[in-house]
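[1] Here is the input, now give the coordinates:
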Amino acid sequence: MGRRSAGVLLALACCLILPAAVSASRLETIKTPSRFVDVKTAAFGDVDPHPSALRANVLLPDHYDPKRSYPLLFLVHGAGENHASWAKPLKGNIKETARGLNAIVVMPDGGLGFYTNWWNGGERGGPAWERYHLDELLPMIQKRYRIKQARRYHAIAGFSMGGFGTSEYAELRPDFFGTAVPMSGFVSIQRLTAVIGFPLVTGVDYNQIFGPNGGPYAVGHDPVKLAPNLAHSRLMVYTGNGVPRPGVPASGAAVASGVVEAELLLQNQELFQAARAGGADATFTSHLGVHDWPYWREDLRSAIDRGLFGKVEENPRSWTYRTVAQRGRAWDLSFRLASPPEDMVKFSRSGRTLAVAGSSLSRMAIRTDGGCSLSRQPPFQVRLDPGC
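    This is a model prediction of the structure:
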């Protein structure tokens with residue numbers, strides 16, 4: 001073979017190789033500023049205790065085309081971690097764990113906030129992590145990237161504290177998230193063992209976040225109590241049993257992580273049972289394992305292989321929704337109370353009939369996606385005719 005022929009073949013080989021390299025998944029980090037979380041005062045973990053700004057890692061899929069629309073996986077972290085943890089090879093290793101997933105994966109900072117607007121002695125001040133993630137970050141992501149609109153194409157997953165956030169956000173926004181995958185999640189926050197162990201495991205104060213155990217704010221943030229909100233959603237619950245699997249290298253304290261996981265097994269059984277009783281399409285997977293990264297990588301991969309974006313009902317005609325939020329979104333309507341509720345707010349929709357109940361509630365303003373606006377003093381029942 002002559003030099004010229006060899007050069008032509010080399011050039012052709014380069015042309016064939018380059019597109020494959022360009023089409024590989026790409027990880028980028030974006031700044032995600034917030035009005036609701038001040039990085040100077042909010043609590044963060046040891047990985048980055050004093051961040052200068054809130055950030056999110058975004059994994060773009062193979063052959064990413066900015067002109068196309070993609071499903072979304074909102075992937076949240078546990079206590080002590082940050083936005084970069086899911087991407088680190090010895091932790092989440094997300095490029096390998098999510099290999100072949102044709103979706104945009106968003107991994108935001110969550111600090112030590114437990115994905116909650118903190119109680120703060122009843123003042124309900126910052127940090128307001130719910131409002132940051134749901135009211136700021138999700139719209140920001142949808143503006144920056146093309147995300148498919150149907151709720152079946154929106155999944156959320158996370159471990160430990162992130163398992164709580166996964167359940168909580170799926171329950172607060174069932175209109176947006178079609179599938180939730182809590183892994184080793186802190187999901188039954190009123191268990192006595194959970195309350196006692198909370199500051200020891202997380203390093204933050206339970207009462208400061210949720211208020212008194214058994215109080216309305218804690219009840220209104222307990223994923224088990226809010227499980228009926230998932231009646232039209234898919235829920236895949238994963239947890240270990242507290243016993244390490246032989247041959248799996250441990251990245252943390254094996255004994256402590258085993259004790260924690262054994263407690264979380266009981267919590268996640270409660271969540272699964274409550275979700276099934278409430279009508280959710282729920283599955284529960286328990287396996288040998290402790291509270292550690294190797295098992296969370298396996299669990300997420302398992303959920304991906306089973307399908308994160310399965311069919312769900314997009315706009316159910318009948319639903320129930322519970323919350324302790326002063327403002328928020330319940331399926332196809334936005335609501336705002338004049339003052340923070342002192343107890344659970346209970347919505348019930350059947351066709352065009354909407355009922356709102358609860359004790360000691362202030363006047364409520366409601367606006368539906370169809371353009372209907374109204375203001376009423378709960379409890380009330382109204383018929384939402386077109387145009388009101």
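
[2] Can you show me the strands along the stretch 1-150 of the chain?
    Along the stretch 1-150 of the chain, the segments classed as strands by DSSP state E, counting those that start in this stretch run 26-31, 55-60, 72-76, 104-108.

[3] which one of those lies closest to residue 236?
    Closest to residue 236 of these is strand 72-76 (C-beta to C-beta; 12.6 Å). No exception for glycine: its C-beta is placed from N, CA and C like everyone else's.

[4] low-confidence ranges in the stretch 251-388 of the chain?
    252-255, 387-388 (pLDDT under 70).

[5] coming back round to it: for the strands of the stretch 1-150 of the chain, which one sits closest to residue 296?
    strand 72-76 (10.5 Å).

[6] and the closest one, what does it pack onto?
    strand 104-108, strand 154-159, helix 161-172 (3 or more C-beta pairs under 8 Å, 6 or more residues apart in numbering; DSSP states H and E).

[7] Run the chain-centre distance for the last one.
    So that's helix 161-172. Put simply, helix 161-172 sits 5 Å off its chain's centre (C-alpha atoms, centre = their mean, to the nearest Å).

[8] Give me the contact list for the following helix or strand past that helix.
    Next helix or strand after helix 161-172 toward the C-terminus (DSSP states H and E): strand 179-183. Residues outside strand 179-183 that contact it (C-beta atoms under 8 Å, 6 or more residues apart in numbering): 152, 154-160, 162-164, 166-167, 169-170, 223, 230, 233-239, 268, 271, 295-296, 299-300, 303, 308-310, 312.

[9] and strand 179-183, which strands flank it?
    strand 154-159 (parallel), strand 234-240 (parallel) (DSSP bridges).

[10] hang on, the earlier thing: so which of the strands of the stretch 1-150 of the chain comes closest to residue 330?
    Per C-beta to C-beta, nearest to residue 330 of those: strand 72-76, 19.4 Å.

[11] average pLDDT across that closest one?
    Taken as a whole, strand 72-76 has a mean pLDDT of 98.

[12] Could you export the strands of the stretch 1-150 of the chain as a markdown table, including mean neighbour count and distance to residue 216?
    Shown next, in a markdown table, are the strands of the stretch 1-150 of the chain (neighbours: other C-beta atoms under 10 Å; distance: least, C-beta to C-beta, whole Å):
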| stretch | mean neighbour count | distance to residue 216 |
| --- | --- | --- |
| strand 26-31 | 12 | 36 |
| strand 55-60 | 21 | 32 |
| strand 72-76 | 27 | 25 |
| strand 104-108 | 26 | 28 |
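
[13] a markdown table for the ones you listed, including distance to residue 46?
    Shown next, in a markdown table, are the strands of the stretch 1-150 of the chain (distance: least, C-beta to C-beta, whole Å):
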| stretch | distance to residue 46 |
| --- | --- |
| strand 26-31 | 20 |
| strand 55-60 | 17 |
| strand 72-76 | 18 |
| strand 104-108 | 18 |
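
[14] Could you point out which of those sits nearest residue 377?
    strand 72-76 (35.6 Å).

[15] could you give the angle of the closest one to strand 104-108?
    30 degrees (axes from the mean of the first three to the mean of the last three C-alpha atoms, to 10 degrees).

[16] Name every strand pairing with strand 72-76 and say which way it goes.
    strand 104-108 (parallel), strand 154-159 (parallel).

[17] can you tell which of these is closest to residue 147?
    strand 104-108 (6.7 Å).

[18] pull the CA atoms of the closest one into PDB?
    Listed next in PDB are the C-alpha coordinates belonging to strand 104-108 (Å, rounded to 0.1, in the frame of the first residue of the first chain):
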ATOM      1  CA  ILE A 104     -31.600  14.600  30.400                       C
ATOM      2  CA  VAL A 105     -30.400  13.900  33.900                       C
ATOM      3  CA  VAL A 106     -30.400  16.900  36.300                       C
ATOM      4  CA  MET A 107     -28.500  16.600  39.600                       C
ATOM      5  CA  PRO A 108     -29.000  19.700  41.800                       C
END
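
[19] Give me the distance from that strand to the chain's centre.
    With C-alpha atoms, centre = their mean, you get 11 Å for strand 104-108.

[20] Check stretch 373-388 too.
    31 Å.

[21] hang on, the earlier thing: export the strands paired with strand 72-76 to CSV and tack on mean pLDDT and distance to residue 139?
    Below are the strands paired with strand 72-76 laid out as CSV (pLDDT from 0 to 100; distance: least, C-beta to C-beta, whole Å):
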stretch, mean pLDDT, distance to residue 139
strand 104-108, 98, 12
strand 154-159, 98, 13
